[in-house]
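Enquirer: need a 3D model of the sequence below.
(2 chains)
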Amino acid sequence: MPGSKRDSKDPIRLLLVDDEKGYVDVLTKRMSKRNIIVTSALSGSEAVQTLRRESFDVVVLDLKMEDMDGIEVLKIFKIMDPELPVIMLTGHGSETAAREGIQHGAFDYLTKPCDLTELIAKINEACHRGEEVLE
Amino acid sequence: MESSHYYRSLTRNMVLIMMLVSFTPLLLISGIIGYQFETSYRQKSLAHLSELVRKHQQNIDSFLIEKLSYIQVLVHSYSPDQLSDEAFLNHKLSVLQQAYGGVFVDLGLVNDEGMQVAYAGKLKLEKANYAQAEWFKRAMKRHYFISDVFLGLRRQPHFIVAVKQEWGGHQSILRATIDFEAFNSLVENIKIGETGSAFILNTAGEFQTMPRVEPFATKEFFLEIFERENRKTTEVETVDHPLGADVLPMVESYSPKEAGKMKDKTVIEGEGEFQGKSFIYVMTPLKGGEWVLVYQQDASDAFSHLYAARKLSIVILMLAGVTIGIISFFVAQKMVHYIESADKEKEMMNEQVIEAGKLASVGELAAGIAHEINNPVAVMVEEAGWMEDLLQEDEFKSGENLAEFERALKQIKTQGARCKEITHKLLSFARKTDPKIRSVELNELLEDIISISEQRARYSNVKIEKQLAEDLPFVNASPSEMQQVFLNLINNAIDAIGTNGGTITVTTRVDGGFAIVDVADTGSGIPKAMLARIFDPFFTTKPVGKGTGLGLSICYGIVKKMGGQISVNSAVGVGTTFHVYVPLPGDTGANENTPPSVA
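Expert: Here you go, the predicted model:
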């Protein structure tokens, strides 16, 4: 099953879902440099298709996208893989949406624009949580 | 002014309507009742007078019948020889005078030629010849006769009661003179009020009694009414009269004209006007219609009670009118005053609503912009980060401008962070923060905020002093919003003091349904021209890049939303004090406790 069997030394497999291409590109580059394998999806539907093909350790999901509401994407993800941790990115002042996401099983949320260090820390936390549960 | 004209006409209309509404029923009712009362009072008064007059009619008629009866008794009881005897006659006269006082003045027996053959009385009238006297001529045609009042031979008003009798083919008349004074007093007794009096007229219009009061109209006036009314009633009823011809079987000589008037009970009453003077009259026939008893009284005298009542009610009505007018005026003025102040309040509310609407739309616009800017800023910051990442690689380590690159990137990041801060504040301004209302202990909340701010304050050499009221009640508010408000105010205060050092005093107190938090600083103060604008969004006095101009707008919005008020006092060079009024729970009468408006 995706995301379930992972050695802690293996690089983290991350699915980055955001419709802002510039942001996705630069994040991909920076994260790759930090030993994270980033697969990007520029829309909700693309993300769903990607998740169907591949397995990931963690998902970073922008809640505000053109084609699909982030919460909808989250719901689909949770049906496809209930164990998969999802970190949401929200705009400032959209904490209500973020809280709704957590109710639907998201791991946590960060307000955008966020500090990369902060994001990576959150990603590591999410992966570790998976391990703790396994142990 | 347009509006003052409007309120004036409103007052006028209200006064008119109120007066109309209260006056119409008042006038209607008093008119109807007054009319009914007057009509029935007049009827009653006239009926009462009619009764009185009828009684006197009977009295007078009985007086006449009685006198006539005595003479008849004498005629029928004694022979002509006896009656011709003056001693006998004197005796009879004295008997009558004893019985009736001075009513019978004298007695006389007159033969068919008009010669008085016997006389008893004080006057020397023996052998008087009455052949040419009116009464004699008329008495000869009848069985008995009562004359009108006349002066006669003695030049004194008197009248004669005569009874004719036939003895052995010769007709003789026994006549008696009736004292005028005795008769007159019968009528003179009818006295009511100041002007009510009675008199008797004969059909020829001659007074039969002395009127106590000058008649209000000519004799013809009364007689004309009498004739007219009498004719009307005659056709309907014919009543026997004891003095009329039909009563006494032997009577043949009553003229048909006179016989037509033979009736009793007829009382003519009414109101007349003669030469501008109105009066009432009551008339009734006497002596079988030959005489008329007239009662007259001045209308204002007869209806004096009625007129007094009418005068009183008019006075009351006028007083009521004036009172209603005054009350209407004051009530209308008061109501219009209320309306005016309500209108003003509404206008002010409208202005506030517009202001709030402006703020809301500015907020929405700002939030939209903030969202849109967020993404490009995020990309920029990340790209700068990426460049920093790349600078770590060996190939750049030896570059001579490495330090400059790093500085530039750091600057990009710093400015990006500033952008982020601005957008966050904009979004705070527009977003709905956790609006959950809880019971908040303001003192505790302020202690927390002060402790958060103290570090920054120390850095700026600012001392924060607390003067917290111990018995401050709980307020119902959103804690996060309250935090935002006071954090903002304290931060502003620290900024206002600058680095030279100073004191911030946070005071809590209770006044008129509000918990009041004062945040006072010893900073530079706000110039008067700027005071009015400090709550406007994007208005800032801080140097460019230091403030967004949204802090106080947000505070203002939050405090207003919860029904409070925020105001400011400031003096340049002395300092600034912000007053935040937080409504206390259960205080619905907020109107009475309106905090002072924003300075």
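Enquirer: OK, contacts around B:Gly196?
Expert: Applying C-beta atoms under 8 Å, 6 or more residues apart in numbering or on different chains to B:Gly196 gives the contacts B:Leu49, B:Ile190, B:Tyr295, B:Gln296, B:Gln297, B:Asp301, B:Ala302. C-beta: built from backbone N, CA, C; applies to glycine.
Enquirer: show the pLDDT at it.
Expert: The score at B:Gly196 is 85. That number is its pLDDT.
Enquirer: with B:Glu592 instead?
Expert: The model reports B:Glu592 with a pLDDT of 43.
Enquirer: go on, B:Gln484?
Expert: Per the predicted model, pLDDT is 81 at B:Gln484.
Enquirer: which ones are touching B:Ile534?
Expert: Counting by C-beta under 8 Å, 6+ apart, B:Ile534 has contacts B:Ile526, B:Leu552, B:Val568.
Enquirer: for the last one, which non-adjacent residue is spatially closest?
Expert: Nearest residue to B:Val568 in three dimensions, chain neighbours excluded: B:Phe578, at 5.2 Å (C-beta to C-beta, 6 or more residues apart in numbering or on different chains).
Enquirer: what's around that neighbour, how many residues?
Expert: Residues within reach of B:Phe578, counting by other C-beta atoms under 10 Å in any protein chain shown, total 24.
Enquirer: you'd agree it is in a helix?
Expert: No. B:Phe578 is assigned strand when assessed by DSSP: H, G, I helix; E, B strand; the rest coil, not a helix.
Enquirer: could I get the contacting residues of the residue in the stretch 151-300 of chain B that chain A sits nearest to?
Expert: The minimum distance from the stretch 151-300 of chain B to chain A, using C-beta to the nearest C-beta, falls at B:Ser300 (93.9 Å). By C-beta under 8 Å, 6+ apart, the contact set of B:Ser300 is B:Ser278, B:Tyr307.
Enquirer: what helix or strand does B:Gly549 sit in?
Expert: For B:Gly549, there is no helix or strand it lies in under DSSP states H and E.
Enquirer: and it, how many neighbours?
Expert: Close neighbours of B:Gly549, defined as other C-beta under 10 Å, add up to 16.
Enquirer: apart from its chain neighbours, what residue comes closest to A:Met68?
Expert: A:Met68's closest residue in space is A:Gly44 (C-beta to C-beta, 6+ apart), at 3.0 Å.
Enquirer: any idea how far the one you found is from A:Thr28?
Expert: 18 Å (C-beta to C-beta, to the nearest Å).
Enquirer: comparing these two, which residue is more hemmed in?
Expert: Using other C-beta under 10 Å as the criterion, A:Gly44 and A:Thr28 rank with A:Gly44 on top: 23 against 18.
Enquirer: what pLDDT does the more buried one get?
Expert: So A:Gly44 comes in at 89 (pLDDT).
Enquirer: again, but for A:Ser4
Expert: 46.
Enquirer: what of A:Ile37?
Expert: 93.
Enquirer: ok, it - contacts?
Expert: By C-beta under 8 Å, 6+ apart, the neighbours of A:Ile37 are A:Pro11, A:Ile12, A:Arg13, A:Leu14.
Enquirer: list the residues that contact the third one.
Expert: With contact taken as C-beta under 8 Å, 6+ apart, A:Arg13 is in contact with A:Gly3, A:Ile36, A:Ile37, A:Thr39, A:Glu54, A:Ser55, A:Phe56, A:Asp57, A:Val58.
Enquirer: please redo it, this time with the cut-off set to 6 Å
Expert: By C-beta atoms under 6 Å, 6 or more residues apart in numbering or on different chains, A:Arg13 lies in contact with A:Ile37, A:Phe56, A:Asp57.
Enquirer: just the second one next, same as before
Expert: Applying C-beta under 6 Å, 6+ apart, we find A:Ile12 in contact with A:Ile36, A:Asp57, A:Cys127.
Enquirer: just those now: which is nearest chain B?
Expert: Using C-beta to the nearest C-beta, A:Ile36 comes nearest to chain B of those, at 12.9 Å.
Enquirer: I'd guessed the closest one sits against A:Asp10; true?
Expert: No. A:Ile36 lies out of contact with A:Asp10 (C-beta atoms under 6 Å); the separation is 10.9 Å.
Enquirer: who's more crowded, those two?
Expert: A:Ile36 (21 against 12).
Enquirer: ramachandran coordinates for the more buried one?
Expert: Dihedral pair for A:Ile36: phi -120, psi 130, per degrees, to the nearest 10.
Enquirer: residues contacting it?
Expert: Residues near A:Ile36 by C-beta under 6 Å, 6+ apart: A:Ile12, A:Leu14.
Enquirer: any idea which helix or strand carries B:Glu51?
Expert: B:Glu51 is part of helix B:2-77, with elements assigned from DSSP H and E.
Enquirer: name the next helix or strand downstream of that helix, please.
Expert: Next element after helix B:2-77 (DSSP H and E): helix B:80-84.
Enquirer: what about that following helix, distance to the chain center?
Expert: 86 Å (C-alpha atoms, centre = their mean, to the nearest Å).
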